[in-house]
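*Asks:* Make a model of this:
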Amino acid sequence: MSENELDAVIHAPARLRIVATLAALGPGDEIAFPKLRALLAMTAGNLSTHLRKLEDAGYVEVTKTHEGRTPATYLKLTDRGRAAFRDYRAALSDLLKGTGA
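*Replies:* A predicted model of the protein is given here:
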């Protein structure tokens, strides 16, 4: 990917919303799947599909655990994901200024 090219993994509207929301958390902070689903007003299936693509790219870390007998899933942006989002924002900014390729 060239320096000014938008990252296709992040660029999809739903994934951009997910990454932007996770980037608003502090480094290493995580959010529960149901809370992220509610914040983004997405169905569980749609959110899961987009999270899988972000996880496959190494941008999101998914931790599955149990709280008592109840399964719980937590999500956080990886360092690679934060860097990719930073690069995406820079490329988008350049594009909007007319300096992107």
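*Asks:* longest helix of this protein?
*Replies:* Criterion DSSP state H: the longest helix present in the chain is helix 79-97.
*Asks:* which strands and helices sit next to it?
*Replies:* helix 8-11, helix 13-23 (3 or more Cβ pairs under 8 Å, 6 or more residues apart in numbering; DSSP states H and E). Heads up, the C-betas are built off the backbone N, CA and C, glycines and all.
*Asks:* And that helix, what's buried?
*Replies:* Neighbour counts over helix 79-97 (16 or more other Cβ atoms under 10 Å) mark G81, R82, A84, F85, D87, Y88, A91, L92 as buried.
*Asks:* which other residues reach that helix?
*Replies:* Residues outside helix 79-97 that contact it (Cβ atoms under 8 Å, 6 or more residues apart in numbering): 3-7, 9-11, 19-20, 22-23, 27, 54, 57-60, 77, 100.
*Asks:* Deepest-packed of the helices and strands packed on helix 79-97, please.
*Replies:* Neighbour counts (mean count of other Cβ atoms under 10 Å) averaged over each of those peak at helix 13-23, with a mean of 19.
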